[in-house]
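>>> Would you be able to build a 3D model of this:
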Amino acid sequence: MLTRRLIVCLDVKGGRVVKGTQFVNLRDVGDPVELAARYEAEGADEVTFLDISASAEERATLLDVARRTAERLFVPLTIGGGVRSADDVARALRAGADKVSINSAAVDRPAVLTESADRFGAQCVVASIDAKWDDAARMFRVYVKGGRQPTELEAVSWAAECVRRGAGEILLTSIDRDGARTGYDLPLTRAVADAVDVPVIASGGAGDATHVRDAIVDGHADAALVAGILHDGLTTVAALKDTMRDAGLPVRMASVERGA
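Here you go, the predicted model:
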């Protein structure tokens, strides 16, 4: 079995890390460069920066933060938010990103996934999907524009289309669970993970270590993304990974634990 990853997400606005619930009620939680370095030292497998406001000015700020962060990180760094073209992907990669997350632009023009994968390789292209349960339609509906605008897309079929278009990874966020700390949306995660042949990252809802374990064991995710429970000091990367390891999942422990 491949190593299962724990990814720390840093939502960046105005050059600072913020956190909210269901994409609103944001609060400041710290400096992105310092937080990224700290979480890597604790054993995080990857770090993801998301520009949650996505204005041109914020993108420039995020790329500057990414450059400073990449100088200190040895784990992969993903950047997302406001990426609209393969040229935007190029700028993010030049700033130090290893992967680039594309969300709204892919819905508007799916070819951006193919163009980016053709230029830089599918391993660099992450299709970010924000989904929310639509009871009337009986489906997980895809949302764009930071979770504010519904589309006609159904999340599972859209994920499969993103992979067909060139995405090498899916970052799947449950809007219903975001910041709620009640656990990941396992039916959503499992449905997408079982429908595609690329890694799926579960996002939205982590409240404790058992939720991370369940996202991988029961949700069939390849990785779990966490944010608020770490920022608020409710747990640590090491504690989360201990639970993953105790469940029989292969994980990479922090270098200090390996005696490096």
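
>>> Tell me where the chain has helices.
Per DSSP state H, the chain carries helices over the ranges 32-42, 56-70, 86-94, 104-108, 111-120, 155-165, 186-195, 209-217, 228-231, 237-246.

>>> Next, format these as JSON lines and append distance to residue 76.
The C-beta positions use only the backbone N, C-alpha and C, and glycine is treated the same way. As requested, the helices of the chain are exported to JSON lines (distance: least, CB to CB, whole Å):
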{"stretch": "helix 32-42", "distance to residue 76": "10"}
{"stretch": "helix 56-70", "distance to residue 76": "10"}
{"stretch": "helix 86-94", "distance to residue 76": "12"}
{"stretch": "helix 104-108", "distance to residue 76": "20"}
{"stretch": "helix 111-120", "distance to residue 76": "14"}
{"stretch": "helix 155-165", "distance to residue 76": "19"}
{"stretch": "helix 186-195", "distance to residue 76": "20"}
{"stretch": "helix 209-217", "distance to residue 76": "18"}
{"stretch": "helix 228-231", "distance to residue 76": "18"}
{"stretch": "helix 237-246", "distance to residue 76": "15"}
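
>>> Among those helices, show the one with the smallest mean pLDDT.
Note on the helices of the chain: helix 56-70 shows the lowest mean pLDDT, a mean of 81.

>>> Pull out the buried residues from it.
Applying a neighbour-count criterion of 16 or more other CB atoms under 10 Å, the buried positions in helix 56-70 are 58, 59, 61, 62, 63, 65, 66, 69, 70.

>>> got the angle for that helix vs helix 86-94?
Taking axes from the mean of the first three to the mean of the last three CA atoms, to 10 degrees, one finds that helix 56-70 is oriented at 30 degrees with respect to helix 86-94.

>>> Report the inter-axis angle for helix 56-70 versus helix 32-42.
Going by the same axes, to 10 degrees, helix 56-70 makes 40 degrees with helix 32-42.

>>> who's in contact with helix 56-70?
Outside of helix 56-70, the residues that reach it under the criterion CB atoms under 8 Å, 6 or more residues apart in numbering are 12-15, 32-33, 36-37, 47, 49, 51, 77, 79, 81-82, 88, 91-92, 95-97.
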